[in-house]
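A.B. asks: Here you go, sequence then predicted model.
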Amino acid sequence: MSKKNLIGFIFILIFLLLIIPVVLLSQTQTVGLFINDTALTYKGYTLMAPKLYTATYLINNEGRLIHKWSNSQYPPGQSVYLLPNGNLLRSCMIPGYINAGGGEGGRIEEYTWGDTLVWQFEYATQNYQSHHDIRRLPNGNILLLAVEKKTLSQLSAAGFDPSKYQPEISTRGYMLPDYVIEVQPAYPSGGNIVWEWHVWDHLVQDYDSTKSNYGVVANHAELIDADGDGRQLPCFWNHMNSIAYNAKFDQIILSVRGNSEVWVIDHSTTTTQAAGHTGGRYGKGGDLLYRWGNPVCYKMGNASNQKLFEQHDAEWIDSTYPGTGNITAFNNGVNRNYSTIDEFTPPVDSLGFYFRAAGTAFGPASLAWTYSATPPASMYSWAISGAQRLPNGNTLICDGIHGNFLEVTYSKQLIWKYINPVINTGPLYQGDSIPQDPTHPGEYMNMVFRVQRYSPTYPGLVGRDLTPGNFIELYHSGIGGEFNNSPASYSLSQNYPNPFNPTTKIHYDIPKSSFVKLEVFDVLGREVETLVNEKKPSGSYQAIFNASHYPSGVYLYKLTADGFINVKRMILVK
């Protein structure tokens, strides 16, 4: 080889060494859709509000944007809901006021489908503030979680033991117990508080017989021990993080992270009855009707009896879904170091009365169903997060601190996975690493409090334009592919990765609205799976083939659309 040719060869080699890592990096997926088993997933639209961003997104199961609300000036604080009229109900985090140490809110906004603000309500001062979750009632009113300041002198009079305080209580000079309010909206701004319930009205303590609320804790499971679960008490004492409503029983369920419990209270009471111990549909006023998760909190057990570990998102399963009447929760697993989604059957009769044997803790003693990852520690979200039972019996999971959304079957098969691509500055490019939150080590900037999936027949979606748009994540032009809504022609791309095990992605383009069929065959020409079999609007699409149930070998995939037919080969290697 001549010296000139050698120099040329070296130049080309250096160029390839520089460019190949860039190309490989572009092929490394970090966000967006990872798994979509179209035969098993529940078809619907997933609503998400990235925790550090101001926009709210509705996506389909392919990870494509269906709708976006972007006119709010505030990040979520923390939950969002799609209302039956198609409006977005959004809690907001506003600056200042009380710093509870997690889940701050202070404001609620309602936007039309067209992103016009039609209602706003602020509930935040130096003495109280809404936080975490809200819930629309059938009558149109809104339930809010809130905290209120109680001074050191008030704590002392109520019988709290100062030796149990974490230092922040003494430093700040107050504690923040929880309460619930019901707000009747006054459009376009403000509202009237028509009902409320306070933890402060339902205390018991066995520390000081000269102070209020003195009694035998074990004799009063309906009351809230001022000692909590026995740990040092934080300023944000109860740390409630979700609220849900049961219309059949007119009851409210609260997820109480600070106690590792869920509580059920009577909503049929007046505000006066809710502050006392009698009255209402169940005759107990505002006392707890039911509690579960950590019987240490009412001295009916020990650490071995604890079931919940700083959980989030306690929900009754809908009356028409598998598991009807049961309760689900995202069990964060703090100090257990892995998270689970737990379903349990409360001991309740057809009228809404709960029962327990005298001298024992509330049941059940065991779970009706639970899901953990494999291995368990591979899903550990110690904060935020949620779970939703879907109409077909699947469960939608939000691994909150990682921004991971999963759908699993009742047999615990993972069939859908999506990683939120939106951080505090907006959408990431595909291939970009997801940065960690510098203020919360181990949490990521794409974190999401909770997600909800809505059926195509949900009233708020009927009659809406649900045409799939682009992916939310961005793509560099010329590297990794530029996605758009109007490809010039039909095309079927080579699957990636190839060879693969057990999942691979198949990208295809549709230049105009067409009936699309994407099928997979074995090498003998026998159909093994149909990935797509429906009419699609113009756009670029991606299907995922999960071959976990198939043997290694050569497979063919075939795209048929409006007379266009193309077949390509892929290799499964296990």
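C.D. replies: Alright, I've got the coordinates. Numbering: from 1, shown residues only.

A.B. asks: Every contact and neighbour count from this point should use C-alpha atoms.
C.D. replies: Will do.

A.B. asks: Show the end-to-end separation of stretch 375-386, please.
C.D. replies: Using C-alpha to C-alpha, to the nearest Å, one end of stretch 375-386 lies 20 Å from the other.

A.B. asks: Could you give the average pLDDT over it?
C.D. replies: In this model, stretch 375-386 carries a mean pLDDT of 98.

A.B. asks: for that stretch, which positions count as buried?
C.D. replies: Across stretch 375-386, burial judged by 16 or more other C-alpha atoms under 10 Å covers 379, 380, 381, 382, 383, 384, 385, 386.

A.B. asks: Angles on the backbone of residue 267, please.
C.D. replies: phi -90, psi -10 (degrees, to the nearest 10).

A.B. asks: just the one 3 residues further on next, same as before
C.D. replies: Backbone geometry at residue 270, expressed as degrees, to the nearest 10, gives phi -80, psi 170.

A.B. asks: If you tally nearby residues, what's the number for the nearest residue to it once chain neighbours are set aside?
C.D. replies: Closest residue to residue 270 apart from its sequence neighbours, by C-alpha to C-alpha, 6 or more residues apart in numbering: residue 195 at 6.8 Å. Neighbour count for residue 195, taken as other C-alpha atoms under 10 Å: 18.

A.B. asks: What residues does residue 195 make contact with?
C.D. replies: 181, 182, 183, 270, 271 (C-alpha atoms under 8 Å, 6 or more residues apart in numbering).

A.B. asks: Of the residues you listed, which belong to strands?
C.D. replies: Judged by DSSP state E, these include 181, 182, 183 as members of strands.

A.B. asks: my guess is the last one contacts residue 193, does it?
C.D. replies: Same thing as residue 183. Yes: between residue 183 and residue 193 there is a contact under C-alpha atoms under 8 Å: 4.5 Å.

A.B. asks: Could you check which of those two has the larger neighbour count?
C.D. replies: Using other C-alpha under 10 Å as the criterion, residue 183 and residue 193 rank with residue 183 on top: 21 against 14.

A.B. asks: Surely residue 169 is within a helix?
C.D. replies: Yes: membership of residue 169 in a helix is supported by DSSP: H, G, I helix; E, B strand; the rest coil.

A.B. asks: could you list every residue that touches it?
C.D. replies: Going by C-alpha under 8 Å, 6+ apart, residue 169 touches 175, 234, 235.

A.B. asks: Tell me the spacing between it and residue 96.
C.D. replies: 19 Å.

A.B. asks: tell me the strands in the stretch 151-300 of the chain, going along the chain?
C.D. replies: Assigned by DSSP state E, counting those that start in this stretch, the stretch 151-300 of the chain shows strands spanning 174-175, 178-185, 191-198, 203-204, 224-225, 240-246, 251-256, 261-266, 290-292.

A.B. asks: Within its sheet, name the partner strands of the fourth one and how each one runs.
C.D. replies: In the sheet, strand 203-204 lines up against strand 224-225 (parallel) (DSSP bridges).

A.B. asks: again with the second one
C.D. replies: Applying DSSP bridges to the sheet, strand 178-185 is found paired with strand 142-148 (antiparallel), strand 191-198 (antiparallel).

A.B. asks: Next, the buried residues of the longest one.
C.D. replies: What that stands for is strand 191-198. By neighbour count on 16+ other C-alpha under 10 Å, the buried set for strand 191-198 is 191, 195, 196, 197, 198.

A.B. asks: For residue 426, list each beta-bridge partner.
C.D. replies: With DSSP bridges as the criterion, residue 426 is bridged to residue 423.

A.B. asks: How many neighbouring residues does it have?
C.D. replies: By other C-alpha under 10 Å, neighbour count at residue 426 equals 17.

A.B. asks: Just send the strands of the stretch 151-300 of the chain back as CSV, with distance to residue 521 too.
C.D. replies: Output for the strands of the stretch 151-300 of the chain, formatted as CSV (distance: least, C-alpha to C-alpha, whole Å):
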stretch, distance to residue 521
strand 174-175, 64
strand 178-185, 57
strand 191-198, 60
strand 203-204, 65
strand 224-225, 61
strand 240-246, 46
strand 251-256, 48
strand 261-266, 49
strand 290-292, 50
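
A.B. asks: Residue 554: which of these is closest?
C.D. replies: Among these, strand 240-246 comes nearest to residue 554, with 48.9 Å by C-alpha to C-alpha.

A.B. asks: if I pick residue 178, what's in contact with it?
C.D. replies: By C-alpha under 8 Å, 6+ apart, the contact list for residue 178 reads 145, 146, 147, 148, 198, 199, 200, 237, 238, 239, 240.

A.B. asks: which residues touch the second one?
C.D. replies: I take that to be residue 146. Neighbouring residues of residue 146 by C-alpha under 8 Å, 6+ apart: 128, 129, 130, 131, 178, 179, 180, 181.

A.B. asks: now the first one: how far from residue 151?
C.D. replies: As for residue 128, its distance to residue 151 is 13 Å (criterion: C-alpha to C-alpha).

A.B. asks: got the contact list for the residue lying closest to residue 217 once chain neighbours are set aside?
C.D. replies: Using C-alpha to C-alpha, 6+ apart and skipping the chain neighbours, the partner closest in space to residue 217 is residue 298 (5.9 Å). Residue 298 makes contact with 217, 218, 220, 221, 224, 225 under the criterion C-alpha under 8 Å, 6+ apart.

A.B. asks: per-residue confidence for the residue nearest to the fourth one when sequence neighbours are not counted?
C.D. replies: Looking back up the chat, that one is residue 221. Nearest residue to residue 221 in three dimensions, chain neighbours excluded: residue 298, at 5.6 Å (C-alpha to C-alpha, 6+ apart). Residue-level confidence at residue 298 comes out at 97, pLDDT.

A.B. asks: distance of residue 298 from residue 487?
C.D. replies: Per C-alpha to C-alpha, residue 298 is found 63 Å from residue 487.

A.B. asks: ok, now residue 573?
C.D. replies: 32 Å.

A.B. asks: now swap in residue 316 and tell me
C.D. replies: 45 Å.

A.B. asks: Output stretch 511-521 as PDB, restricted to C-alpha atoms.
C.D. replies: Output of stretch 511-521 as PDB, limited to C-alpha atoms (Å, rounded to 0.1, in the frame of the first residue of the first chain):
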ATOM      1  CA  PRO A 511     -49.000   8.200   3.400                       C
ATOM      2  CA  LYS A 512     -52.800   8.300   3.500                       C
ATOM      3  CA  SER A 513     -55.600   6.900   5.500                       C
ATOM      4  CA  SER A 514     -55.600   3.100   4.900                       C
ATOM      5  CA  PHE A 515     -56.700  -0.200   6.300                       C
ATOM      6  CA  VAL A 516     -53.400  -1.700   7.600                       C
ATOM      7  CA  LYS A 517     -52.500  -5.200   8.400                       C
ATOM      8  CA  LEU A 518     -49.200  -6.200   9.900                       C
ATOM      9  CA  GLU A 519     -48.700  -9.900  10.300                       C
ATOM     10  CA  VAL A 520     -45.900 -12.200  11.500                       C
ATOM     11  CA  PHE A 521     -45.300 -15.700  10.000                       C
END
